[in-house]
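Chemist: test case, fold it:
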Amino acid sequence: MKKRKKRMKNSEEKRSYKTDFAVQVKKAVDNLYYISETDAEILPFSGKKAEVVNAQEMLSQIGKAANSPIEEKKFTEFFARLTELHDWFGDEEKTTAQKFGDLKILLEKNLKDLKVFKIGKIQIDIYVVGLNAESNLTGIQTKAVET
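Modeler: Okay, here's the model as predicted:
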């Protein structure tokens, strides 16, 4: 009986952790947009168990063909442009950079092996993902238009 209660408690803690993280991500990306040739909403991404974070795994989990165009970027490089402050920034730009900084920290604290994948050409799906405590591919997703 004690083992069953312990297992139930562990699974409840895992569910709670997953829910808490999802809520934190939703809160962090609220009114935050990825700017390219279009402004795209940033959304939480929740995948399945994964051994590694790589292009093949990413394509498989989102149901894209193995030969789909995919580019891997470094997590820190992706966020560098989004979090950089410039002298000419007004309050709105400063707030946006701070929100991206907070999102970066949230992802770093909760996920390991963080990577960025750009999938497609011109209309690009962007995934910023890593593995959570249960080894599920997790993170955020957005879109970009690059001509």
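
Chemist: drop to CA atoms for contacts and neighbour counts, all remaining ones
Modeler: Fine.

Chemist: correct me, but Leu137 touches Val53?
Modeler: Yes: with contact defined as C-alpha atoms under 8 Å, Leu137 and Val53 form a contacting pair (7.4 Å).

Chemist: what's the overlap in contacts for those two?
Modeler: Common neighbours of Leu137 and Val53, using C-alpha atoms under 8 Å, 6 or more residues apart in numbering, are Val129, Gly130, Leu131.

Chemist: re the thing from before, neighbour-wise, which of Leu137 and Val53 wins?
Modeler: Regarding Leu137 and Val53, a neighbour count based on other C-alpha atoms under 10 Å identifies Leu137 as having more, with 27 against 19.

Chemist: mind jotting down where the helices sit in the protein?
Modeler: Ranges of helices in the chain, per DSSP state H, are 2-29, 55-62, 75-83, 91-110.

Chemist: next, format these as JSON lines and append mean neighbour count.
Modeler: Shown next, in JSON lines, are these (neighbours: other C-alpha atoms under 10 Å):
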{"stretch": "helix 2-29", "mean neighbour count": "13"}
{"stretch": "helix 55-62", "mean neighbour count": "16"}
{"stretch": "helix 75-83", "mean neighbour count": "15"}
{"stretch": "helix 91-110", "mean neighbour count": "16"}
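
Chemist: who wins for proximity to Thr147 among those helices?
Modeler: Taking C-alpha to C-alpha as the criterion, helix 75-83 is the member of those that comes nearest to Thr147, at 18.4 Å.

Chemist: got the contact list for stretch 109-118?
Modeler: Outside stretch 109-118, the residues that touch it by C-alpha under 8 Å, 6+ apart are 21, 53, 55, 58, 70-75, 78, 108, 124-133, 138-139.
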